[in-house]
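Q: Pasting the sequence and the predicted model now:
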Amino acid sequence: MSQAERAYAAYMDAERQVAKAYHENETQVAKAYKRAEAQAYRSYEATVSQALADRAGAIAKAAKARADVISRAEEAYKSAETAANQAHDAAVAGAARSRDANLEKAWKVRDETIEQAWQIYSKIAR
């Protein structure tokens, strides 16, 4: 083989090695891109999943707080209703006692007035 043929063969071998290296580099770049893409999707999915979990937790916490507030409001309403009923009953009972006492006094005054009228009448009639 002549020197020119050997040089040409070396050139062709170098060209094949360059092509092979270029192809390997493209393959590695494609694999790295696929790995980065997969990692980006996993990161996105993890972030979305965490956001959904956080949202569900916040909603559950808000629902519990709402239920607690409603429960306390119902308890306060029942307590106020009971107190109002007791105050009403006490006022009615007090008014009834006062009425009865006033009626009793009025009857006593009436009886005394009648007694006095009879005494005056008896003095006049004698």
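A: Great, that's in hand. Numbering: from 1, shown residues only.
Q: what mean pLDDT does the helix or strand encompassing Ala83 have?
A: Assigned by DSSP states H and E, Ala83 belongs to helix 3-125. Across helix 3-125, pLDDT averages out at 96.
Q: counting contacts, what elements does that helix pack onto?
A: Of the remaining helices and strands, none touches helix 3-125 by 3 or more Cβ pairs under 8 Å, 6 or more residues apart in numbering; DSSP states H and E. All C-beta spots, glycine's among them, are computed from the backbone N, C-alpha and C.
Q: The chain should start at 58 in everything you say after this.
A: In the new numbering, first residue 58, that becomes helix 60-182.
Q: separation between the most centrally placed residue in the chain and Arg129?
A: Nearest to the mean C-alpha position of the chain, by Cα atoms, centre = their mean, lies Ala119 at 2.2 Å. Computed as Cβ to Cβ, to the nearest Å, the Ala119 to Arg129 distance reads 16 Å.
Q: Then Arg167?
A: 56 Å.
Q: Same question for Glu138.
A: 15 Å.
Q: and Ala71, how many neighbours?
A: 10 (other Cβ atoms under 10 Å).
Q: cool, Glu138 as well?
A: If we define neighbours as other Cβ under 10 Å, then Glu138 has 10 of them.
Q: and if you look at Glu72?
A: Neighbour tally, Glu72, other Cβ under 10 Å: 10.
Q: Return the distance of it relative to Thr84.
A: For Glu72, the distance to Thr84 - Cβ to Cβ - is 19 Å.
Q: can you check Ala152 too?
A: Taking Cβ to Cβ, one finds Ala152 at 100 Å from Thr84.
Q: just Asp111 next, same as before
A: From Asp111 over to Thr84 (counting by Cβ to Cβ), the distance is 40 Å.
Q: now swap in Glu138 and tell me
A: 80 Å.
Q: ok, Ser100 - contacts?
A: If a contact means Cβ atoms under 8 Å, 6 or more residues apart in numbering, then Ser100 has no contacts.
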